[in-house]
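**Q** Only the shape, not the letters, is given here:
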């Protein structure tokens, strides 16, 4: 049977980035409406309290939401844990995954560790996550370090959105 029918879970996807910016600036990069638009091409929208919903919404005025979830844990500026699902899958526990962001100050620099767990092995979301997180984290790093994002020319295009 295909993995999507058995709901077999994939190993956690972990990505680590070292960023020449302080921990508070990296935290702001994850939360700030305008910054997320610059490096992710979408807004992260929430009131960022435990139990609050959050969404990953396109900024083009279409109202399209690509990812939804709930804030599970938040410890500014050190840790954020959220659930993660496509809107159509948000009610299916087998298709809801979890993202943990850990921010560790290293003097004036920061280590950002992104762990995406509870992914359904072989699913479209699993593929999107394993190819998307490196691009997103590198673009955040570039924005915080240089004030500019990476060129979008080589980014995969998806229904008018980046990544």
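**A** On my side now, so go ahead. Every value quoted in this text rests on a predicted model; they were computed, and no experiment measured them.
**Q** Please work out the average pLDDT along stretch 99-106.
**A** Average pLDDT, stretch 99-106: 98.
**Q** Output the below-cut-off pLDDT ranges for this structure.
**A** Applying pLDDT under 70 to the chain flags residues 1-6, 153-163.
**Q** which residues of it fall in strands?
**A** In the chain, the strands defined using DSSP state E lie at 13-19, 43-46, 53-57, 65-75, 79-84, 97-106, 109-117, 157-158, 161-162.
**Q** out of those, nearest to residue 27?
**A** strand 97-106 (5.8 Å; C-beta to C-beta). Backbone N, C-alpha and C define where each C-beta goes, glycine included.
**Q** Mind listing residues that contact that closest one?
**A** 18, 22-23, 26-27, 30, 69, 72, 77-85, 110-120, 125, 129 (C-beta atoms under 8 Å, 6 or more residues apart in numbering).
**Q** Mind giving me the PyMOL select for the residues you listed, buried ones only?
**A** Buried residues within the contacts of strand 97-106, by 16 or more other C-beta atoms under 10 Å, are selected in PyMOL with:
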select buried, resi 22+23+26+27+30+69+77+80+81+82+83+84+85+110+112+114+115+116+117+118+119+120+125+129
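**Q** Just send the strands of the chain back as JSON lines, with distance to residue 145 too.
**A** As requested, the strands of the chain are exported to JSON lines (distance: least, C-beta to C-beta, whole Å):
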{"stretch": "strand 13-19", "distance to residue 145": "7"}
{"stretch": "strand 43-46", "distance to residue 145": "20"}
{"stretch": "strand 53-57", "distance to residue 145": "23"}
{"stretch": "strand 65-75", "distance to residue 145": "24"}
{"stretch": "strand 79-84", "distance to residue 145": "21"}
{"stretch": "strand 97-106", "distance to residue 145": "14"}
{"stretch": "strand 109-117", "distance to residue 145": "10"}
{"stretch": "strand 157-158", "distance to residue 145": "25"}
{"stretch": "strand 161-162", "distance to residue 145": "19"}
